[in-house]
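Peer 1: Sharing a sequence plus its predicted fold:
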Amino acid sequence: MSLFDSVEHHYARYRPRLPDQVIQLLAPELASAASPRMLALGAGTGQVALSMLPILPPTAHLDLVDQDPGMLRTALDELRPHLGERTATAHAGPAEQFAPGQTGYRADLVTCCRAFHWVDQPAVLAMVDRVTVPRAAFAIMGDGSLWTHQAPWTVALRALIQSHLGEDRRAGTTGTYREPGRRYEDDLAASAFSNIAEHRFPFTRAWTPRSVLGYLRSTSFARPDLFTDHPRFEEQAHALLLEHARGKVLTEDGVFTVLLARRPGAAR
């Protein structure tokens, strides 16, 4: 693992994609449209788009929105070999400012995975209301992170990170993480998408020490530039992970949650 690998490289390689159950839950939202459009907010390096691609028809179009142009370039690089006749467009900028270039644009499904806490929620929900078909669904999804997971190895890893960076969880470029002021369900209830169904999918995810270190490099709480001596941290983390691994495998048992929201009375 090179110190010169980009954040985008680590994000694309080590951030988990959607579980199969989530893909099957979302697939029907695109099935009734002749040329379905999926709008991925906080698209990163394309984890959601890549996960959904196998169930998308050749006529489908993907719109990927992210504030980081480098992430979007990587997403398109990852997608292109697998698109076939499908098309994809990247939009660099805040999610709430997404404005489709063509008249009459309407998305059938909007997703926001592991990113809704980073956006202006009311502004994003208002934007989604403007750019979607009447029957559209908005899927807010997430599964926590290795910071929040409570396995013995993740608790020990979090303590090691805190020994280097302090007790507070780092977030963004300079600040610390703060819990959302209210639940996502409350944001949705106050929006056009107030018909909400929660879906929870237990999962077991296997990590190796190497993949954990790669994942950490992609996070806002343990990215390399936060550390005064990142190589030393990685040496300590690798030793800690090897100590906790069973057969070189570290297990994460978690729940992937999907809030699938629609306008009241909207039918699929």
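Peer 2: Perfect, thanks for sending it. Numbers count the residues shown, from 1 in each chain.
Peer 1: Residue 80 - how many residues pack around it?
Peer 2: For residue 80, the count of nearby residues is 9 (other C-beta atoms under 10 Å). C-beta here means a position set from N, CA and C on the backbone, and glycine is covered the same way.
Peer 1: what's the helix or strand for it?
Peer 2: Assigned by DSSP states H and E, residue 80 belongs to helix 69-83.
Peer 1: try residue 198
Peer 2: strand 195-207.
Peer 1: Averaged pLDDT, that strand. What do you get?
Peer 2: The predicted model gives strand 195-207 an average pLDDT of 97.
Peer 1: How far off centre is it?
Peer 2: 13 Å (C-alpha atoms, centre = their mean, to the nearest Å).
Peer 1: Can you list the buried residues in the following helix or strand past that strand?
Peer 2: Next in sequence after strand 195-207, counting helices and strands by DSSP H and E, comes helix 209-217. Buried residues in helix 209-217, defined by neighbour count with 16 or more other C-beta atoms under 10 Å: 209, 211-217.
Peer 1: any idea where the strands of the stretch 51-200 of the chain begin and end?
Peer 2: Ranges of strands in the stretch 51-200 of the chain, per DSSP state E, counting those that start in this stretch, are 61-66, 87-92, 107-113, 132-142, 170-171, 175-176, 195-207.
Peer 1: Mean neighbour count, the ones you listed: which tops it?
Peer 2: Burial among these, expressed as mean neighbours by mean count of other C-beta atoms under 10 Å, is greatest for strand 107-113, which shows a mean of 25.
Peer 1: which other helices and strands contact that strand?
Peer 2: helix 28-31, strand 37-41, helix 47-52, helix 121-130, strand 132-142 (3 or more C-beta pairs under 8 Å, 6 or more residues apart in numbering; DSSP states H and E).
Peer 1: which ones are touching residue 266?
Peer 2: Residues in contact with residue 266 (C-beta atoms under 8 Å, 6 or more residues apart in numbering) are 134-136, 195.
Peer 1: Give the bridge partners for residue 109, please.
Peer 2: Judged by DSSP bridges, the bridge partners of residue 109 are residue 38, residue 137.
Peer 1: shouldn't it be in contact with residue 29?
Peer 2: Yes. Between residue 109 and residue 29 there is a contact under C-beta atoms under 8 Å: 4.4 Å.
Peer 1: list the residues that contact both of these two?
Peer 2: 136-137, 139.
Peer 1: Can you give the strand pairings for the strand holding residue 198, parallel or anti for each?
Peer 2: With DSSP bridges as the test, strand 195-207 pairs up with strand 250-262 (antiparallel).
Peer 1: Pull out the buried residues from the partner strand.
Peer 2: 250, 252, 254, 256-262.
Peer 1: before we move on, what about stretch 159-174?
Peer 2: Buried residues in stretch 159-174 (16+ other C-beta under 10 Å): 160-161, 164-165, 169-170.
Peer 1: Cheers, nothing more for now.
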